[in-house]
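[1] Only the shape, not the letters, is given here:
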């Protein structure tokens, strides 16, 4: 489910030869980005739920500035990917929906944050200076 | 929010410019996402921080233990190890401790942990983000059980020498060390540097209270117990850690009372 997915076994290069996959430490950090997690609001949901034992639907909606319908759709995507667990219940007479991150969700979040940090590091000020020098 | 694919070599000025633009966009997007993640993380932590309550409740429970530290009339006779009560919690009679103190702390820590667990549950429901406090509660309970083991072994007739830090036990202030160790877990669960600093100060005061007669410092400062005042000389060891908890708890309350309520 990578945004810039790693090479599939069937990938071929320009000259028709089979592409040789780069070793993991040399792959571009975008390969570590997961489309499910990379979406801004879903990344926000995972971030908040990773900070707590569980987070309530209303808190997530307010913190992320989403409508209930939008948040529901994002939660469905994350739940189907096995990254969060959604539990419905009641607090007194009020219905409450609690969201809890799974172990898989924590791993995916950590991987995404590592990829973003690596992207920033690779394309930092030093890289910009090199490109400016090339253009000159 | 599509991720860019890396690896293609620019072969003209136009391609070079567009590659630089794409790189800049990726960099900007990554920076924005990481900033947003940091903001949401801070916001969630701030909303769920509620550690003023356990600080205050254990401060109050420590103050409530004061009557048990008022020493009774001196009695002759040698002390026997395995005193018939959990001496790790109660210390030695004649040094400000005793069986009543041991059972008081056993009950007080159980009450404190239970109230703290209920408090975090209530606070989590109110604000919409729940602090994972179970690790703290389990740590506290396990430490209390461990502190009972030396007494239980001796009561069951095991005569082997148990290596234990006796100096920490004798003044009857070891429960303060147990509370401090539990608070380290709470600081981790709360992900709070402020609580970590408070716990470091409290741990230092609890260890000082367990290893040293703070009365000696007060003596040098001009407190010379006379008459029946000698019975109060164990109290500074209890009141100093209690004061740390109550002051820190009051400060934390002022900061945390404005936690947003879930609508």
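    In hand now; what should we look at? In this text the structure is predicted, and so the values were computed from the model without any measurement. Residues are numbered from 1 along each chain as shown, chains lettered A, B, ... in the order given.
[2] Find the nearest non-adjacent residue to residue A:59, please.
    residue B:128 (2.9 Å; C-beta to C-beta, 6 or more residues apart in numbering or on different chains). Using the backbone N, CA and C atoms, a C-beta is placed for each residue, glycine as well.
[3] How about residue B:245?
    Of all residues not flanking residue B:245 in the chain, residue B:59 sits nearest, at 3.3 Å (C-beta to C-beta, 6+ apart).
[4] ok, now which ones touch the residue in chain B positioned nearest to chain A?
    Nearest to chain A in chain B, going by C-beta to the nearest C-beta, is residue B:128, at a distance of 2.9 Å. Applying C-beta atoms under 8 Å, 6 or more residues apart in numbering or on different chains to residue B:128 gives the contacts A:55, A:56, A:58, A:59, A:60, B:47, B:262.
[5] could you list every residue that touches the closest residue to residue B:192 other than its chain neighbours?
    Of all residues not flanking residue B:192 in the chain, residue B:49 sits nearest, at 6.1 Å (C-beta to C-beta, 6+ apart). Residue B:49 makes contact with B:131, B:190, B:192, B:195, B:252, B:256, B:259, according to C-beta under 8 Å, 6+ apart.
[6] got the contact list for stretch B:61-68?
    By C-beta under 8 Å, 6+ apart, the surrounding residues in contact with stretch B:61-68 are B:98, B:100-101, B:104-105, B:108-109, B:111-112, B:172, B:176, B:179, B:235, B:238-239, B:241-242, B:245-246.
[7] Name the residues of that stretch that come out as buried.
    Burial within stretch B:61-68, assessed by neighbour count using 16 or more other C-beta atoms under 10 Å in any protein chain shown, is assigned to B:61, B:62, B:65, B:68.
[8] mean confidence for the helix or strand where residue B:136 lies?
    Using DSSP states H and E, residue B:136 maps to helix B:134-155. For helix B:134-155, mean pLDDT is 87.
[9] what's the helix or strand that that helix is followed by packed up against?
    As assigned by DSSP H and E, the chain's next helix or strand after helix B:134-155 is helix B:166-169. In terms of contacts (3 or more C-beta pairs under 8 Å, 6 or more residues apart in numbering or on different chains; DSSP states H and E), helix B:166-169 is packed against helix B:193-211.
[10] How is chain B partitioned into domains?
    Domain ranges of chain B: B:14-48, B:50-256, per automatic domain parsing.
[11] Please point out which parts of the shortest one sit buried.
    The neighbour-count check on domain B:14-48 (16+ other C-beta under 10 Å) flags B:19-20, B:23, B:26-27, B:29-30, B:33-34, B:36-37, B:40-41, B:43-48 as buried.
[12] same thing with stretch A:68-83?
    By 16+ other C-beta under 10 Å, the buried positions in stretch A:68-83 come out as A:71, A:74, A:75, A:77, A:78, A:81, A:83.
[13] follow-up on the earlier one: which stretch in the domains of chain B has the least confidence?
    domain B:14-48 - the lowest mean pLDDT of these, at a mean of 79.
[14] pLDDT score assigned to residue A:133?
    Note on residue A:133: pLDDT of 55.
[15] circling back: so which bits of the helix holding residue B:136 are buried?
    Buried residues in helix B:134-155, counted by 16+ other C-beta under 10 Å: B:136, B:137, B:139, B:140, B:143, B:144, B:147, B:148, B:150, B:151, B:154.
[16] quick one: contacts of it?
    By C-beta under 8 Å, 6+ apart, the residues outside helix B:134-155 that reach it are A:53, B:81-89, B:106, B:109-110, B:112-113, B:116-117, B:160, B:162, B:164, B:174-175, B:178-179, B:181-183, B:185-186, B:188-189.
[17] And the buried ones among those, selectable in PyMOL?
    Remark: buried members of those, expressed as a PyMOL selection using 16+ other C-beta under 10 Å:
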select buried, (chain A and resi 53) or (chain B and resi 82+83+85+86+87+88+89+106+109+112+113+116+117+174+175+178+179+181+182+183+185+186+188+189)
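[18] what ranges do the strands span in chain A?
    A:54-56, A:84-91, A:94-101 (DSSP state E).
[19] Those strands: which one's closest to chain B?
    With C-beta to the nearest C-beta as the measure, strand A:54-56 is the member of the strands of chain A nearest chain B (3.6 Å).
[20] What ranges does chain B have for its helices?
    With DSSP state H as the criterion, chain B has helices at B:13-48, B:52-64, B:66-69, B:87-90, B:99-127, B:134-155, B:166-169, B:174-190, B:193-211, B:215-220, B:235-256.
[21] what do you get for chain A?
    So, for chain A - with DSSP H - the helices run A:35-38, A:40-50, A:57-64, A:68-80, A:103-122, A:125-135.
[22] Residue B:215 is nearest to which of those?
    helix A:40-50 (48.1 Å; C-beta to C-beta).
[23] what comes up buried for the closest one?
    For helix A:40-50, the buried set under the neighbour-count rule, 16+ other C-beta under 10 Å, comprises A:41, A:42, A:43, A:44, A:45, A:46, A:47, A:48, A:49, A:50.
[24] With residue B:111 as the reference, measure out to the last one.
    Residue A:50 sits at a distance of 32 Å from residue B:111 (criterion: C-beta to C-beta, to the nearest Å).
[25] Contacts only, for the residue in chain A positioned nearest to chain B.
    Using C-beta to the nearest C-beta, the single residue of chain A nearest to chain B is residue A:59, 2.9 Å away. Contact analysis of residue A:59 by C-beta under 8 Å, 6+ apart lists A:48, B:47, B:127, B:128, B:129, B:262.
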